[in-house]
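> Here is a sequence with its predicted model. Questions after.
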Amino acid sequence: MKRSVRMMPLIAAAIVIVATNVQAARADNSSKREEVPKVEREGVWQPGPEGEQVPLWPAKVVLAKPDTGDHPEATGNGSPLVAGKMWHWASYVTRPTMTIYRPKSPNNGAAMLVIPGGGFHAVATDLEGTEICDWVVQQGMTCVMLKYRTPQVWPRVNGRQQRPKVLLGLEDAQRAMGLLRQDATNYGIDPRKIGAIGFSAGAYLVANMSNTDERTYTHSDAADQQSSRPDFAIIAYTARMLDNSKGKNNLELQPWVKISPKAPPTLIIHAMDDPVDDIRQPMAYALALNDAGVPVDMRLYAKGDHAFGMRPTGDPITTEWPEQVKQWLKNIGVL
């Protein structure tokens, strides 16, 4: 369905646009991003002592490999710095995992699957993974960080980006959700309160999970019979939604983005000045969800850049969005 900016007054979704005040609008050194050398080291990413890393698939299951084949897994640091600190990634992942972090506050039974970004080249393990889980467990929720198969380059045909026919990260995300529901009792979680939050490429995966239950892989056990659709979804600076070949006044989705009225309540977080994923990306998705009757909220801030995670800078979005999420989770009955 085609959409344009002129349709914006029709949207019934709750949109909160938070403008920065004059002082915050000034250049702030803590918001500037310094480029640093990238260093890569061979080795499998491991969590700290509070995380329990679990293989997603039985060892006997033969998995499709990422673009780099059997290249040994590696970790490294990204660039530029975020909030003045390094951030780190894992890549060349051939055997994906999920890492479980138990609640710090009294367990309320809810769980959050965290899907980091990384452009489908890598998985941003701390900035959009473990640091998010640090916050989630403080809310009395179980947090599960996904390390999915990467890299997987999205091909281009006649200069236009195309979605891979089989998206490895989506298979891993769906498998993780099925495992959590299948083993909910063992993990101390309510199988009806398992949501997902994704960042950038991970946000696309959460959106994809939200709108389909169909697997693109052969079922291996009972976990694959479980629904892979999250019970609530949080989309942070999403990508790969908008058909941006049709000009700025277009809000039409890419042909590979399918919308289902069964998608869960969704919260979208984005900065208007995001230089990587244009603000029209989440706007197009929000309109499509709204048209399908899906409850959708947006929290849009004037400034924030891209890939800010939960690291505080001079941009208000970086300190305010976690509380926005907490209130939204209360509003929908998760907390």
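Received the coordinates, thanks.
> sec struct for the closest residue to Lys85 other than its chain neighbours, please.
Of all residues not flanking Lys85 in the chain, Arg311 sits nearest, at 6.7 Å (C-beta to C-beta, 6 or more residues apart in numbering). Bear in mind the C-beta positions are built from the backbone N, C-alpha and C, glycine included. At Arg311 the chain is in coil, as set by DSSP: H, G, I helix; E, B strand; the rest coil.
> Same question for Pro275.
The three-state assignment at Pro275 reads coil, by three-state DSSP.
> Contact partners for Thr266?
Going by C-beta atoms under 8 Å, 6 or more residues apart in numbering, Thr266 touches Ser210, Phe232, Ala233, Ile234, Ile235, Ala286, Leu289, Val294, Pro295, Val296, Asp297.
> List phi and psi for it.
Torsion angles at Thr266 (phi, psi; degrees, to the nearest 10) stand at phi -130, psi 140.
> now the one 3 residues further on
In this entry, Ile269 is assigned phi and psi values of phi -120, psi 130 (degrees, to the nearest 10).
> Please, where are all the strands along this structure?
With DSSP state E as the criterion, the chain has strands at 14-18, 40-42, 51-55, 74-77, 88-91, 97-101, 111-115, 142-147, 156-157, 160-161, 194-199, 233-236, 266-271, 296-301.
> one step back: ok, the residue nearest to Lys85 - how many residues close by?
18 (other C-beta atoms under 10 Å).
> worst-scoring helix or strand of this protein, pLDDT-wise?
Between all helices and strands in the chain, the lowest mean by mean pLDDT, DSSP states H and E belongs to helix 22-25, at a mean of 36.
> For Pro264, see how far away Ala203 is.
Counting by C-beta to C-beta, to the nearest Å, the gap from Ala203 to Pro264 is 14 Å.
> scratch that, Val54 is what I was asking about
Note on Val54: its distance to Pro264, by C-beta to C-beta, is 24 Å.
> Name the residue in these two with the higher neighbour count.
Between Val54 and Pro264, Pro264 has the larger neighbour count (other C-beta under 10 Å), namely 20 against 14.
> still on that earlier bit, which pLDDT does the model give the residue nearest to Lys85?
At Arg311, the pLDDT value in this model is 97.
> contacting residues around it?
By C-beta under 8 Å, 6+ apart, the contact list for Arg311 reads Val82, Ala83, Lys85, Leu127, Glu131, Thr318.
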